[in-house]
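Student: heads up, no residue letters with this:
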């Protein structure tokens, strides 16, 4: 799986390595891969790879550097950055097909099923939920161990997520007789959302357009109001 000392699944989880590989897309533990960069004797090297533009690449490199300092050095685990051969998920799938994927590989959620059912990645949920591993799941969102499930089993982790925010004009909502939900407990269903949009619709002759009440904006990691 890696060069250097054997990286056991328990050591991987105890190290908090999942956080080092956080991303919007899933991070899977590959069944093969690895490279050596001359780490000290007794250390385990783990390769990590992610596609993305320079900004995305820097984000992951910063995450790895932070995790290295905060916990990985203490466990004698060294993350080795493996440059991606391309900038799309197809190039990543080719690496899995050829057995050259990184030990920790950022991958598109939609491709996890194929990788799991063909034995390219390792099942993680039993290890993560085993208290003897020292992995405290209470520090993470429940989606960390459930979001990317394959037939009820977990093969990928998603500790970092983004959210879509909807900003709205309270007065226009009030004029339309609408009260926006403020929590998941009273979130609108799709039909309720559709009905609300129709109430916010202004008609002029044979033309129909939406009043300037709602604006969608992407905010990584947080949102003002999410439905």
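Tutor: Cool, got the structure. Remember, predicted model here, so these are calculated numbers, not experimental data. Residues are numbered from 1 along each chain as shown.
Student: Do you have the helices of this structure handy? List them.
Tutor: 9-14, 17-20, 54-67, 89-98, 112-117, 125-128, 170-175, 190-199 (DSSP state H).
Student: next one: the third one to chain centre, how far?
Tutor: This means helix 54-67. Here helix 54-67 is found 14 Å from its chain centre; the criterion is Cα atoms, centre = their mean, to the nearest Å.
Student: Would you indicate which residues of that helix are buried?
Tutor: Neighbour-count burial for helix 54-67 flags 57, 59, 60, 63, 64, 67 (criterion: 16 or more other Cβ atoms under 10 Å). C-beta here means a position set from N, CA and C on the backbone, and glycine is covered the same way.
Student: what's the answer for the fourth one, then?
Tutor: Of the residues in helix 89-98, 89, 92, 93, 95, 96 count as buried by neighbour count, 16+ other Cβ under 10 Å.
Student: Which parts of the chain are strands?
Tutor: Taking DSSP state E as the test, the strands found in the chain are 26-29, 44-49, 77-81, 104-107, 149-150, 153-154, 156-157, 163-168, 201-204, 207-210, 214-219.
Student: ok, residue 72 touching residue 79?
Tutor: Yes. Applying Cβ atoms under 8 Å, one finds residue 72 in contact with residue 79, separated by 6.5 Å.
Student: where does this structure have low pLDDT?
Tutor: 1-38, 134, 159-163, 208-227 (pLDDT under 70).
Student: sorry, back to before: output the buried residues of helix 54-67 in TSV, with distance to residue 119 appended to each entry.
Tutor: Output for the buried residues of helix 54-67, formatted as TSV (distance: Cβ to Cβ, whole Å):
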residue	distance to residue 119
57	29
59	30
60	26
63	28
64	27
67	28
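Student: between those, which is closest to residue 110?
Tutor: residue 60 (19.9 Å; Cβ to Cβ).
Student: Tell me how far the closest one lies from residue 106.
Tutor: 7 Å (Cβ to Cβ, to the nearest Å).
Student: same deal with residue 45?
Tutor: 18 Å.
Student: Show me which of these two is the more surrounded one.
Tutor: residue 106 (24 against 20; other Cβ atoms under 10 Å).
Student: Skipping adjacent residues, who's closest to the more buried one in space?
Tutor: Spatial nearest neighbour of residue 106, chain neighbours left out: residue 50 (3.8 Å); criterion: Cβ to Cβ, 6 or more residues apart in numbering.
Student: Next, count neighbours for that neighbour.
Tutor: Other residues lying near residue 50 total 25 when counted by other Cβ under 10 Å.
Student: which ones are touching it?
Tutor: Residue 50 is in contact with 23, 56, 57, 60, 84, 105, 106, counting by Cβ atoms under 8 Å, 6 or more residues apart in numbering.
Student: I figured the fourth one hits residue 52, correct?
Tutor: Think residue 60. Yes. With contact defined as Cβ under 8 Å, residue 60 reaches residue 52; the gap is 7.3 Å.
Student: And residue 153, how far from residue 65?
Tutor: Applying Cβ to Cβ, the value for residue 153 to residue 65 is 32 Å.
Student: Could you do residue 198 as well?
Tutor: 50 Å.
Student: would you list the contacts of residue 50 in JSON lines and tack on distance to residue 168?
Tutor: Formatted as JSON lines, the contacts of residue 50 follow (distance: Cβ to Cβ, whole Å):
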{"residue": "23", "distance to residue 168": "30"}
{"residue": "56", "distance to residue 168": "30"}
{"residue": "57", "distance to residue 168": "35"}
{"residue": "60", "distance to residue 168": "34"}
{"residue": "84", "distance to residue 168": "39"}
{"residue": "105", "distance to residue 168": "39"}
{"residue": "106", "distance to residue 168": "34"}
